[in-house]
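**Q** next one to model:
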Amino acid sequence: MTGPTPETAIDLAESRPGPAKRTPSRRGGLRGPGLVGWLFILPALAFYAVFVLRPITLTLQYSLYTWDGIGPSTWAGFGNYVKVFTDPDLFASILNAVKLIVFFSAIPVVLGLAIASTIRRIATSRLALVARTVIFLPQVIPLVAAGIAWSWLLSSTGVINQLLTLVGLGGVTRAWLGDFSTALPAVGVIGAWVLLGLCTLLLLAGMSKIDPALYEAARLDGAGPLREFLSITLPSLRQEIAVCVTVTVIAALASFDIVYISTQGGPGNATMVPGLEIYYLAFSERQVGVASALAVVLMVLVIAVALPIQRLTRDRKS
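**A** Residues are numbered from 1 along each chain as shown. This next block holds a predicted model:
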C-alpha cells in the first residue's frame, strides 16, 4: 500500500481550515456607527447648547446680582428671589398666571372633548369638515392679530356690547378689558378661544384611533351616549388629554403676547403676568437681576406643573 504523494499532502494541507480571522470590535468607544451617530446629532447639540443652555446659565448668573444691564453689577445673592416672593406686584403676577390656567387649560380641554365627540358622530357629513376648519382657524391667525381683533370686540363700543344691548342686557355692558373685575377673565376668554382648536383637533385625532367595535358592543349592552363617553372615549384619550393639558398650562404660565396686545398688564396690574413683568423689569426699569430671578421662578413653576402630568401619564401607560 503506497502512502500519499507529495502533491496529495500539499492539497490536504491547503484544505484544512485555518485560524478564524479576528475582526475589530465596534462596541467600545465612539468607533464605527457610534461615531457617525454622534456626528449627526452634533449640530443639534451645539444649537441647543448655544441658544438654550447658555441663556439659562446666564439667567441663573444674572439673578444673583443687582445689575442695570449696562454698568457694573453687585452681588445680591438670593435677595432678588426674596423680592420676587415678597413684592406684592411681582407675586401677584404669578397668581394671575395661575388663574389663567382655568381659562387657558380647563375650558379648552372640556369644550374640546364635547366638540370632538360631537364631530366624531357626524364625521361622514360635510358639516364635520367645516366645523374642524372653523374651530382650528384661531391657530392659523397670528396672536397679535387675534389680540387686536378681540380688543375691538370687547371695547365699550365693540360688537359684544352692541349684541348685549340688542338683546336687552345693556346694563351689564362695560369695557371688558378696562374693568378691574373683568379684565383678567376677558384675557382668559381670548386664550381659551385661541387654544380650543388645538385641543379639539388633538382629541379628535385620538378618537379616530378608538376601535368602533367597542362602541358597537356598548350599544348592544344598552349604553347611551353619556355612558359611551365616560366608559370608552374618556379612558382611551388619556394620552391626548395629557398633551392638551401640558401645552395649555405652559401657555397660561408663559403667556405674553395676548396680554401685551390687549391690556399691556392693565388696568393697574390686574392682568400682569410673569412674562410681561419680566419684559418691563428688564427693558423699562433696568432691573435685570430681579427680572432674571422672576424668569427662573417661572421656569421652575412650569417644570413643576408639567413634569407631574407627564409622570402620571407614563405610569398609567406602563
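**Q** contact partners for residue 281?
**A** By C-beta atoms under 8 Å, 6 or more residues apart in numbering, residue 281 lies in contact with 287, 288, 290, 291, 294. C-beta here means a position set from N, CA and C on the backbone, and glycine is covered the same way.
**Q** got any ranges where the stretch 201-318 of the chain has weak pLDDT?
**A** 313-318 (pLDDT under 70).
**Q** if we can go back for a sec, which one of the contacts of residue 281 is nearest to residue 241?
**A** Nearest to residue 241 among the contacts of residue 281, counting by C-beta to C-beta, is residue 294 at 30.4 Å.
**Q** hmm, the closest one is touching residue 279, no?
**A** No: contact criterion C-beta atoms under 8 Å: residue 294 and residue 279 do not qualify, at 10.4 Å.
**Q** distance of the residue lying closest to residue 78 once chain neighbours are set aside relative to residue 292?
**A** Spatially, and ignoring its direct neighbours in sequence, residue 78 is nearest to residue 64 (7.5 Å; C-beta to C-beta, 6 or more residues apart in numbering). Computed as C-beta to C-beta, to the nearest Å, the residue 64 to residue 292 distance reads 8 Å.
**Q** pick out whichever of these two has more residues nearby.
**A** Each of residue 64 and residue 292 has its neighbours counted (other C-beta atoms under 10 Å); residue 292 has more, 24 against 19.
**Q** what secondary structure does the more buried one sit in?
**A** helix (DSSP: H, G, I helix; E, B strand; the rest coil).
**Q** for residue 139, what are its contacts?
**A** 194, 197, 198.
**Q** one more time with 7 Å
**A** 197, 198 (C-beta atoms under 7 Å, 6 or more residues apart in numbering).
**Q** just the element for residue 265, please.
**A** Residue 265 is part of no helix or strand, with elements assigned from DSSP states H and E.
**Q** distance check, residue 127 against residue 137.
**A** Residue 127 is 16 Å from residue 137, by C-beta to C-beta.
**Q** I'd say residue 160 and residue 152 touch.
**A** No: the criterion here is C-beta atoms under 7 Å, and residue 160 misses it with residue 152 at 9.6 Å.
**Q** more neighbours: the two, which one.
**A** residue 160 (17 against 11).
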